[in-house]
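# sharing a model that was predicted from the sequence below.
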Amino acid sequence: MHRFANPNRFLKLANAILPWAAGLTAILLAAGLYFSLIGSPDDYQQGATVRIMYVHVPSAWMALFCYTSMAVASAVALIWKHPLADLFAKASSPVGAAFTFISLATGALWGKPMWGTWWVWDARLTSMLILFFLYLGHMALMNAFDDPQRGFKAAAVLALVGVVNVPIIKFSVDWWNTLHQPASVIRMDGPSIDGSMLLPLLLMAFAFKAYYITVVLLRMRGEIAEAKVRAISMSQVQG
Amino acid sequence: MQDFFDMGGYAGFVWPSYGVAAIVLGLVFASTWRLLKSSEQRLAQLQAARGRRPRRDRGASAGAEAPMAPAPGDISDAPAGTPAGAAGETR
């Protein structure tokens, strides 16, 4: 793992991955949008609103995925002092916050026609809102210190404490009574969703994942350049 | 075609959902790109100010993507974020 603690080696790897990740994002997004909007049927109960699912569910998955990977990176950063793990966590949280916001907003837009309300304070929705605030807190804490190392450490602790929210979100639909429907793709007995709807869902999910990889690598490249700028200016100050 | 935009009467909910996603993901990408460009530019300026050419043969190969700022390959094998002077420079 420490092989990639060397930023230059990491940059080489990142630059090799980036064009693939970006190209994959474009292709998957184009295919995903086609099947979401045109190539899939309306739901027999929900009509065309089911198409909201192809944005809503993948972004909710990404919200959880980003947070989990951020928490893992934070643990790596705290335990092994891996400098790139800190940068990964820093790069991840704005993207995760964006996905969380999208899933909340599209959830409201789906809830209004189907449930008759934009928002209810039930377990799934509330725990998702908490996740959004965790992301915002993580971003704020990162930038709250003059010494970036202190920001990294504080934010890593927050990310690890907040990870308790992830299983709560996942199982909230089973543990509590809620308006939100239970899982229909990631379940013990296999997906209960029809193939014609599973395809656009998975395409969009992988498109979002490729987008996440692209953006995180670009952000980490920016952060590495930033760290080098800091190192040079400090060595100049010290003479 | 009209049916497509109508979304079975739910156009006011379906299209804003896709719109929100497109706008938010677009903004995140734009801010990421700006951050990347500004920090790479600052790094290149600092390196130029110190009178050393950024060497292209070490570190990041800038050719992987379209137009890139000079490769940030000059400094140090020190881990990113290592404070003060650890960049292996003359002190």
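In hand now; what should we look at?
# low pLDDT regions in chain A?
Flagging of chain A using pLDDT under 70 yields the residue ranges A:1-5, A:239.
# just the helices from it, written as ranges.
Listed from the start of the chain, chain A has helices (DSSP state H) covering A:7-37, A:53-80, A:83-115, A:123-142, A:148-162, A:165-175, A:195-237.
# ok, which of these comes nearest residue B:23?
Closest of those to residue B:23 is helix A:83-115, at 9.4 Å (criterion: C-beta to C-beta). All C-beta spots, glycine's among them, are computed from the backbone N, C-alpha and C.
# which positions within that closest one qualify as buried?
Buried residues in helix A:83-115, counting neighbours by 16 or more other C-beta atoms under 10 Å in any protein chain shown, are found at A:83-114.
# same question, stretch B:31-45
Burial within stretch B:31-45, assessed by neighbour count using 16+ other C-beta under 10 Å, is assigned to B:32, B:35, B:36, B:39, B:40, B:42, B:43, B:44.
# average model confidence for stretch B:19-29?
Mean per-residue pLDDT for stretch B:19-29: 96.
# which parts of that stretch are buried?
Along stretch B:19-29, these residues count as buried under the neighbour rule (16+ other C-beta under 10 Å): B:20, B:21, B:24, B:25, B:28, B:29.
# so which residues make contact with it?
The set of residues that contact stretch B:19-29 without belonging to it, under C-beta atoms under 8 Å, 6 or more residues apart in numbering or on different chains, is A:55, A:59, A:94, A:95, A:98, A:101, A:102, A:105, A:106, A:109, A:211, A:215.
# please list which of those also come close to chain B.
With respect to chain B, and counting by C-beta under 8 Å from any C-beta of the partner chain, the subset of those in contact is A:55, A:59, A:94, A:95, A:98, A:101, A:102, A:105, A:106, A:109, A:211, A:215.
# farthest-apart pair in the residues you listed, please.
A:109 and A:215 (23.8 Å).
# any idea how far chain B is from residue A:67?
Separation of residue A:67 from chain B (C-beta to the nearest C-beta, to the nearest Å) stands at 16 Å.
# so that residue is in contact with residue A:163, correct?
Yes. In this structure, residue A:67 is within contact of residue A:163 by C-beta atoms under 8 Å, at 7.0 Å.
# between the two, which one's more packed in?
Residue environment comparison for residue A:67 versus residue A:163 gives the larger neighbour count to residue A:67, 26 against 17, counting by other C-beta atoms under 10 Å in any protein chain shown.
# quick check: residue A:218 touching residue B:30?
No. Counting by C-beta under 8 Å, residue A:218 stays clear of residue B:30, with 11.2 Å between them.
# circling back: can you lay out the contacts of stretch B:19-29 as TSV showing distance to residue A:181?
What follows is those, written out as TSV (distance: C-beta to C-beta, whole Å):
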residue	distance to residue A:181
A:55	16
A:59	16
A:94	29
A:95	26
A:98	24
A:101	21
A:102	19
A:105	18
A:106	15
A:109	16
A:211	26
A:215	30
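# so for stretch A:78-88, first residue to last residue, what's the gap.
Terminal residues of stretch A:78-88 are spaced 13 Å apart (C-alpha to C-alpha, to the nearest Å).
# where does pLDDT dip in chain B?
Scanning chain B for pLDDT under 70 picks out the ranges B:52-91.
# neighbours around the closest residue to residue A:68 other than its chain neighbours, how many?
Counting by C-beta to C-beta, 6 or more residues apart in numbering or on different chains, the nearest residue to residue A:68 once its immediate chain neighbours are dropped is residue A:166, at 5.8 Å. Counted with other C-beta under 10 Å, residues neighbouring residue A:166 total 18.
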